[in-house]
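Chemist: My questions concern the predicted model and sequence given below.
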Amino acid sequence: MSESALKGSLLAWYRSARRDLPWRRARDPYAIWVSETMLQQTRVETVLPYYERFMRELPTLQSLAEAPEERVLALWSGLGYYRRARMLRAAAQRVASAHGGRVPSDADALRALPGVGEYTAGAIASIAFGRPAALVDGNVARVLARLFAVEDDIRGARGRAVLWEIARRLVAQGAEDPGDWNQALMELGATVCTPREPRCAACPARDHCRALALGVARELPRVGPRRAPLVVRRAAVVLSSRTSVLLARRRPETLWGGLWEPPTVEGDLASLVARLGIDASAITHAGEVVHVLTHRRMHVEVAWGALPRRRVWPLPGAEYDAVEPVPLRELALAAGQREHEHERENGRPRERERERERETEPEPGASRAHSTLARKVLRMANVPARGLPWKK
């Protein structure tokens, strides 16, 4: 394979066929950083409305550094992987205090920032600053594994090392723009060299692809078996009126830290009802939500009851640091976007590749950050006349 010919073919294709994405319209390192953080394990179609709203509300690095964490989490609500949002804000604060508000151009300096790994550092350094910094994400790993017929498990240490060595070698060759080259690899993986049905006949790199020549393009990349997710059983109770719903805020160090959700416990519903001091006979069963994370499969029994008038509520468990009735307007939702995780409601599976149909998305005015799971629980508890805004 002529690697220089490969680069020429792929770059020519990218410059004529690339998608018009908002973060590609300027080489603003802050905009590129935000987009690459959102795009980790998330598809472009899902990210677009979140990115546009985030940049509208927090258009500069300084505005992000100064924003309260809850505001940042509210803008991120529904996108998932909330640690990304916290780390992005912490890194913006570090840049503001230690780098004079200017994003570093060097990949090593970028990797020293909170939450910035080798991939993100390579993306920012190459795309925003033209530095010859390599990157490997899921799309790039798949493309390189096919182009070079890599037989190692791409999730294993040896496979990852092989792919990163290839990526570093390629990005350092020639006088082409490193940022365009990295984006060409990502674009090819996202639109042509797809996981199950690669469109080899339409691929600009088909004449250089060893896997295609060997007839194994659909068999690569090699991926070892995933570990079965841990099954976790929880119970949640939705106490609501026509204007408010009782929510609790998770402690920062817990899963979904800083986000609000209906009171939830591991175990059975009876213990939660007793802890909240509510009448068990006034609670009705609403159904079960199944929520799949990377390593966990969460089964949540959902119940509903009318919200009693009470000034003070006990914390539902040790993972919470606040609990209070929240006005529904602070959880304003609008229809029409897409879901990002596996979902099963009332025993009916609704699973799609990576992107799931999103029935709701927070409006910019929503001020109580909450997870996708919390939204599923609220939807499950809804029936006509309860006044909740998450009707199916």
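Modeler: The structure has been received and is ready for your questions.

Chemist: can you list the residues that contact stretch 81-96?
Modeler: 33-34, 37-38, 40-42, 61-62, 64-65, 67, 69, 72-73, 75-76, 79, 101-104, 113-116, 256-259, 369, 371 (Cβ atoms under 8 Å, 6 or more residues apart in numbering). C-betas here are computed from N, CA, C, even on glycine.

Chemist: buried subset of the residues you listed?
Modeler: For these, a burial check counting by 16 or more other Cβ atoms under 10 Å picks out 33-34, 37-38, 42, 61, 64-65, 67, 72-73, 75-76, 79, 103-104, 113, 115-116, 256-259, 369, 371.

Chemist: Narrow those residues to those in helices?
Modeler: Taking DSSP state H as the definition of helices, those contribute 33-34, 37-38, 61, 64-65, 72-73, 75-76.

Chemist: any idea which of these is closest to residue 245?
Modeler: residue 73 (18.1 Å; Cβ to Cβ).

Chemist: Contacts only, for that closest one.
Modeler: So residue 73 contacts 82, 85-86, 258-259, 369 (Cβ under 8 Å, 6+ apart).

Chemist: out of the residues you listed, which one sits closest to residue 237?
Modeler: Nearest member of the contacts of residue 73 to residue 237, counting by Cβ to Cβ, is residue 259, at 17.3 Å.

Chemist: And for residue 219, the neighbour number?
Modeler: Neighbourhood size, residue 219 [other Cβ atoms under 10 Å]: 11.

Chemist: List the residues that contact it.
Modeler: residue 211.

Chemist: tell me the phi and psi of it?
Modeler: Reported as degrees, to the nearest 10, the phi and psi values for residue 219 are phi -90, psi -20.

Chemist: ok, residue 304 - how many residues close by?
Modeler: 24.

Chemist: SS state for it?
Modeler: Recorded secondary structure, residue 304: strand (DSSP: H, G, I helix; E, B strand; the rest coil).

Chemist: And for residue 196?
Modeler: Strictly by three-state DSSP, residue 196 counts as coil.

Chemist: what's the spacing between residue 291 and residue 236?
Modeler: As judged by Cβ to Cβ, to the nearest Å, residue 291 and residue 236 stand 11 Å apart.

Chemist: Can you show me the helices along the stretch 151-300 of the chain?
Modeler: 157-172, 178-191, 210-214, 269-276 (DSSP state H, counting those that start in this stretch).

Chemist: now the farthest one out in this protein, which residue is it?
Modeler: The centre of the chain is farthest from one residue, residue 281, which by Cα atoms, centre = their mean lies 39.3 Å away.

Chemist: Okay, that one and residue 300: tell me how far apart.
Modeler: 22 Å.

Chemist: now do residue 377
Modeler: The value you get for residue 377 to residue 300, if Cβ to Cβ is used, is 6 Å.

Chemist: So the two - more neighbours on which side?
Modeler: residue 377 (28 against 21).

Chemist: Now do the same contact list for the more buried one.
Modeler: By Cβ under 8 Å, 6+ apart, the residues touching residue 377 are 236, 238, 261-262, 264, 289, 300, 302.

Chemist: Show the buried residues in these.
Modeler: Buried among these by 16+ other Cβ under 10 Å: 236, 238, 261-262, 264, 289, 300, 302.

Chemist: Residue 312: which of those is nearest?
Modeler: Nearest to residue 312 among the buried ones among the contacts of residue 377: residue 262, at 17.9 Å, using Cβ to Cβ.
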